[in-house]
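> A structural model of the following input is requested.
(one chain, ligands or ions: 1)
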Amino acid sequence: MDEHGVAVIGCGGMGMNHVAAAAQSKRTRLVTTVDLNSGTAEQAAKTYGAAKALTDYREALEDPSVGVVVVATPPSTHREIAEQALRRGKHVLCEKPLACTLDDALALCRTAVETDCKLRVGYILRHNRTYQTVADMIHGGAIGAPMVMRMLGGELAINEEQWKRDLGLIVETSPAIDCGCHYVDLMRWFSGEEVVSVCGVGARTEFDIPHDNFNYEVIGVALSKGSCGLYEVGWSRTYRNFSEKEFLGPKGRIRITYSHDRLSEGEKGDLIEHFDLNKRKLLSFDVPGVLKPVTTELEELLDCIETDGDIVAGLNDALQSLAIVLVGHEAIQQGATLPVPRVVL
Ligand SMILES: NC(=O)c1ccc[n+]([C@@H]2O[C@H](COP(=O)([O-])OP(=O)(O)OC[C@H]3O[C@@H](n4cnc5c(N)ncnc54)[C@H](O)[C@@H]3O)[C@@H](O)[C@H]2O)c1
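Numbers count the residues shown, from 1 in each chain. Take a look at the predicted model:
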């Protein structure tokens with residue numbers, strides 16, 4: 001099989017991970033880096049050896065040597081760029097969240113089905129070894145059916161440049177949407193249940209947050225078989241919270257602590273702790289995982305292209321998690337508990 005030519009559109013914080021993955025995989029060739037900022041596109045091309053650096057993504061889509069397009073631009077641009085790519089016969093890896101509205105996300109997914117090109121969405125935690133390990137444990141009955149799922153996350157901008165980028169995403173979506181889509185996706189994956197309703201609260205802990213949005217949000221989630229979940233996300237320039245994730249069931253509990261939050265032995269990787277309620281025993285072990293395994297994500301898209309794999313199940317998961325977080329954010333605005341619709345392609 002020939003190498004797949006890749007164009008990465010959007011070479012910011014996340015895009016650079018994709019640029020590196022496309023340059024390093026044995027199955028791909030990094031053809032083009034694209035960014036509205038010419039210096040950013042050129043720097044990415046120079047660092048990772050792309051033949052071209054462009055500012056207009058449409059030029060990259062006209063290139064017949066590009067077979068795969070990675071879209072790592074802000075969410076409001078995903079639909080337009082990814083649709084144009086699909087309509088030119090390119091396969092697409094699009095960053096989450098798929099779009100800012102459910103209508104745009106649905107239209108984009110329908111374009112993929114119509115054009116018979118592959119579209120996959122960047123739910124990176126599905127490729128993360130730590131979460132895969134916990135999924136296997138839960139599905140294997142380690143804690144019984146999950147009753148409570150708690151996920152605390154948050155990011156500290158290390159400088160004003162990063163804060164400006166965070167603020168850009170907050171203006172378009174919100175932390176509960178942008179990061180939250182990962183967390184509700186995990187809840188559905190781990191429990192096999194659907195989210196039926198959501199409620200929440202939000203706060204503006206920085207002076208420059210738009211008055212109709214939040215940089216800190218907590219969402220409560222009710223699932224279809226009576227279990228519940230909670231996630232907390234905050235983006236800030238002043239403080240950082242611990243990224244703890246905990247899953248409780250009738251037979252025990254599992255807790256994940258990220259390597260960078262471990263007070264000692266962080267170099268061993270993420271820590272998984274499993275308390276077995278019947279045996280009254282705590283088992284703990286390290287998973288030397290990579291937080292953002294974009295290479296695996298890219299390889300799975302290539303497998304899907306080469307084997308003409310199914311994309312509909314993954315797109316339905318992406319659509320449903322987007323629906324949950326959009327309603328969650330709306331629930332905060334309204335101060336109400338709102339039902340979540342089922343969204344199916
Ligand atoms: N999966 C993850 O873990 C993860 C983590 C961070 C961000 N993301 C997602 O990745 C996407 C990008 O986020 P980011 O943090 O990298 O943002 P960013 O602001 O750092 O980068 C976005 C880049 O896209 C460029 N851009 C904007 N519009 C463009 C256009 N029309 N054509 C070409 N370039 C354009 C900008 O100049 C910028 O360099 C978002 O959807 C975000 O939610 C995912």
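
> top helix in this protein by residue count?
If you go by DSSP state H, the chain has its longest helix at helix 312-334.

> could I get the phi/psi values of R150?
phi -120, psi 130 (degrees, to the nearest 10).

> ok, whatever residue of the stretch 51-200 of the chain ends up closest to the ligand - contacts?
Using Cβ to the nearest ligand atom, the closest approach of the stretch 51-200 of the chain to the ligand is made by E95 at 3.6 Å. For glycine as for every other residue, the C-beta is placed from the backbone atoms N, C-alpha and C. Each residue near E95 by Cβ atoms under 8 Å, 6 or more residues apart in numbering is listed here: G10, M14, V70, V71, A72, T73, P75, H78, V121, G122.

> now it. Its backbone dihedrals?
Main-chain torsions, E95, degrees, to the nearest 10: phi -60, psi 150.

> which stretches in this protein count as helices?
With helices called from DSSP H, the chain shows them at 13-24, 38-48, 57-61, 75-87, 102-115, 129-139, 160-172, 175-178, 180-191, 294-307, 312-334.

> return the most buried member of those.
Counting by mean count of other Cβ atoms under 10 Å, helix 175-178 has the highest mean neighbour count of those, with a mean of 27.

> looking only at pLDDT, what's the mean for that one?
Helix 175-178 carries an average pLDDT of 96.

> one more: stretch 68-82?
Per-residue pLDDT over stretch 68-82 has a mean of 98.

> hmm, that stretch in reach of the ligand?
Yes - using Cβ under 6 Å from any ligand atom, stretch 68-82 comes into contact with the ligand via A72, T73, P74, P75, T77.

> just put those residues in JSON lines and tack on distance to I138.
Below are the residues of stretch 68-82 next to the ligand laid out as JSON lines (distance: Cβ to Cβ, whole Å):
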{"residue": "A72", "distance to I138": "30"}
{"residue": "T73", "distance to I138": "34"}
{"residue": "P74", "distance to I138": "33"}
{"residue": "P75", "distance to I138": "30"}
{"residue": "T77", "distance to I138": "36"}
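
> in the protein, which residue sits furthest out from the middle?
K279 (35.7 Å; Cα atoms, centre = their mean).

> now do the phi/psi pair for that residue.
Dihedral angles (degrees, to the nearest 10) for K279: phi -90, psi -10.

> flag the shaky bits of this structure, pLDDT-wise.
1 (pLDDT under 70).

> among the contacts of E95, which one has the most neighbours?
Among the contacts of E95, the one with the most neighbours (other Cβ atoms under 10 Å) is V70, at 32 neighbours.

> partner residues bridging that residue?
Note on V70: beta-bridge partners by DSSP bridges are V8, L93.

> that one: what's it in contact with?
Applying Cβ under 8 Å, 6+ apart to V70 gives the contacts V6, A7, V8, I9, G15, H18, A22, V92, L93, C94, E95, L298.

> what's the first one in contact with, if anything?
Contacts for V6 were tallied using Cβ under 8 Å, 6+ apart; they are A22, T28, R29, L30, V31, T32, V66, G67, V68, V69, V70, L298.

> which residue comes closest to it once chain neighbours are left out?
Leaving aside its chain neighbours, V6 sits nearest to A22 (4.0 Å; criterion: Cβ to Cβ, 6 or more residues apart in numbering).

> re the thing from before, give me the distance between the spatially closest residue to the residue of the stretch 51-200 of the chain closest to the ligand that is not a sequence neighbour and V134.
Distances taken as Cβ to Cβ, 6+ apart put G122 closest to E95, at 4.4 Å, once the chain neighbours are dropped. G122 sits at a distance of 20 Å from V134 (criterion: Cβ to Cβ, to the nearest Å).

> how much space separates L302 from the ligand?
18 Å (Cβ to the nearest ligand atom, to the nearest Å).

> wouldn't that residue be in contact with T28 here?
Yes - L302 is in contact with T28 according to Cβ atoms under 8 Å; the separation is 7.2 Å.

> so what sits against both of those two?
With Cβ under 8 Å, 6+ apart, L302 and T28 have common neighbours H4, V68.
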